[in-house]
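>>> build the 3D model from these lines:
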Amino acid sequence: MTIQHCSIHRIYRTKPGADVTLQLRPNEIAPEGPVVSLFEQLKLTFARSTQKQYGLFNPELGDNPLPALLQKMQDESLGFSTLTHQVMEHMKLQFDKTSEPFEAHVFIVMEELVEQSFFYVYWINHTDAQFINSDLEVDTLQFVDPSKLKYGFKVDIEQWKVDGWDQYMSQLVSKGNKDVADGFGDFSGFISSVDLKAQTESFLSVVDEFVDSQEPSIGERLKSKIVEYCIDQDMAGSPVDLDDLSTQLDEENPHRFAEFVSEKKPETKKEIYTDRASLKKYVRFFGRDKNLSISFSSEMFGDNIVFDEGSDELILKQIPKSLKAQLTRYIKRKQGNSE
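Here you go, the predicted structure:
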């Protein structure tokens, strides 16, 4: 990872209806020491978030200056500090439309990684904490908790340059503060192009067909490897690369799975994003009500676990030892009380 440029600015409104104020840093921050550590932690939180959406700059928002600013920087006709100042002025205009008080620092980074460039904007809030000072009195300080990142976006510059590519941008906008969520969304100009759940379900339907075409023991192993790969990619904030996945599933015939997907679902792209929750549900069954909670791996179904749909009965075989011990103690206690 190499941070090419980075800067931090402040934006705030002190009371309802007041003007939005900017505090702009005049120059870049040297990408070393704590600033690199902070970026790595924010980047990890952003990548692992299950609330991210994937898409692009809304092409219908002709007044969004961000694409033009990024293009000018790519053309080297605009310096990074000037770019971030204009980015913040654009952010201020969007938050002028809101009314609630807020305060945040905005961390803007241009990163180069394996000859690819990425542009990040992270909205950073501070957290209060108590400590005991040198006078042995309780005092309060503010600190940045990177795990609490609620708003941010990332632009893959190389993908952004490709005509027709509509998944070059990822955005995180958490629920809870409508004014900030609306202001940040208007600022980024982001529009989602991917229904993650629908895309994941479509992909998993092909996985089902592929698994069914294998020997049962082999199929279940392949299913687990596919889901594990997809979850790992999502945790890293990366798309599922079907060619790479296909190679990992069968090194001797590395194109087999990718060709199967292409044949069954020709509209499937070579790189897709998936929904982590849907992936986990795919390999685990679970449910709960007021009196019962149960969860088990799909690999156990039909062998150690049998379901009778007609009678709504679920038969469990070879239950965990800890559960068996609890049941045994309970039965003995009940029998002892009845004597």
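>>> sec struct for Glu103, please.
The three-state assignment at Glu103 reads strand, by DSSP: H, G, I helix; E, B strand; the rest coil.
>>> so what's it bridging to?
Tyr12 (DSSP bridges).
>>> so what touches the helix or strand where Glu112 lies?
For Glu112, the host element (DSSP states H and E) is strand 102-113. The set of residues external to strand 102-113 that reach it, using C-beta atoms under 8 Å, 6 or more residues apart in numbering, is 1-13, 38-39, 42, 73, 80, 84, 87-88, 91, 95, 117-126, 177, 179-180. Quick note: C-beta positions are derived from backbone N, CA and C, even for glycine.
>>> for stretch 273-291, same thing?
Residues external to stretch 273-291 that are found in contact with it (C-beta under 8 Å, 6+ apart): 50, 54, 167, 194, 196-197, 199-201, 203-204, 207, 223-224, 227, 230-231, 233-235, 239-240, 293-299, 301.
>>> give me the number of residues near the nearest residue to Glu201 once chain neighbours are set aside?
Taking C-beta to C-beta, 6 or more residues apart in numbering, and ignoring the residues beside it in sequence, Glu201 has Ser278 as its nearest neighbour in space, at 6.4 Å. If you count neighbours by other C-beta atoms under 10 Å, Ser278 ends up with 18.
>>> try Ser224
Ser224 sits with 15 neighbouring residues when counted by other C-beta under 10 Å.
>>> over to it: give its phi and psi.
phi -60, psi -40 (degrees, to the nearest 10).
>>> what about the helices in the protein?
Here the chain has its helices, by DSSP state H, at 34-48, 66-74, 80-95, 157-160, 178-188, 196-212, 216-235, 242-249, 256-264, 276-283, 321-338.
>>> same list (those helices) but as a markdown table, adding mean pLDDT and distance to Glu60.
A markdown table is the format used below for those (pLDDT from 0 to 100; distance: least, C-beta to C-beta, whole Å):
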| stretch | mean pLDDT | distance to Glu60 |
| --- | --- | --- |
| helix 34-48 | 96 | 26 |
| helix 66-74 | 96 | 13 |
| helix 80-95 | 97 | 16 |
| helix 157-160 | 95 | 17 |
| helix 178-188 | 94 | 13 |
| helix 196-212 | 91 | 22 |
| helix 216-235 | 87 | 29 |
| helix 242-249 | 93 | 31 |
| helix 256-264 | 92 | 32 |
| helix 276-283 | 84 | 29 |
| helix 321-338 | 79 | 56 |
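>>> and those: which comes nearest Gln171?
Distances from Gln171 to each of the helices of the chain were compared using C-beta to C-beta; the minimum, 6.0 Å, belongs to helix 178-188.
>>> measure Thr140 to Thr14 for me?
When C-beta to C-beta, to the nearest Å is applied, the distance between Thr140 and Thr14 equals 19 Å.
>>> could I get the buried residue list for the strand holding Glu112?
Along strand 102-113, these residues count as buried under the neighbour rule (16 or more other C-beta atoms under 10 Å): Phe102, Ala104, His105, Val106, Phe107, Ile108, Val109, Met110, Glu111.
>>> relative to Ser295, how far out is the last one?
To tie it back to what came earlier, the one meant is Glu111. 39 Å.
>>> and the closest residue in space to Asn133 that isn't next to it in sequence, what does it touch?
Counting by C-beta to C-beta, 6+ apart, Asn133 lies nearest to Asp139, which is 4.6 Å off, once chain neighbours are set aside. Contacts were defined as C-beta under 8 Å, 6+ apart; by that measure Asp139 touches Gln130, Phe131, Ile132, Asn133.
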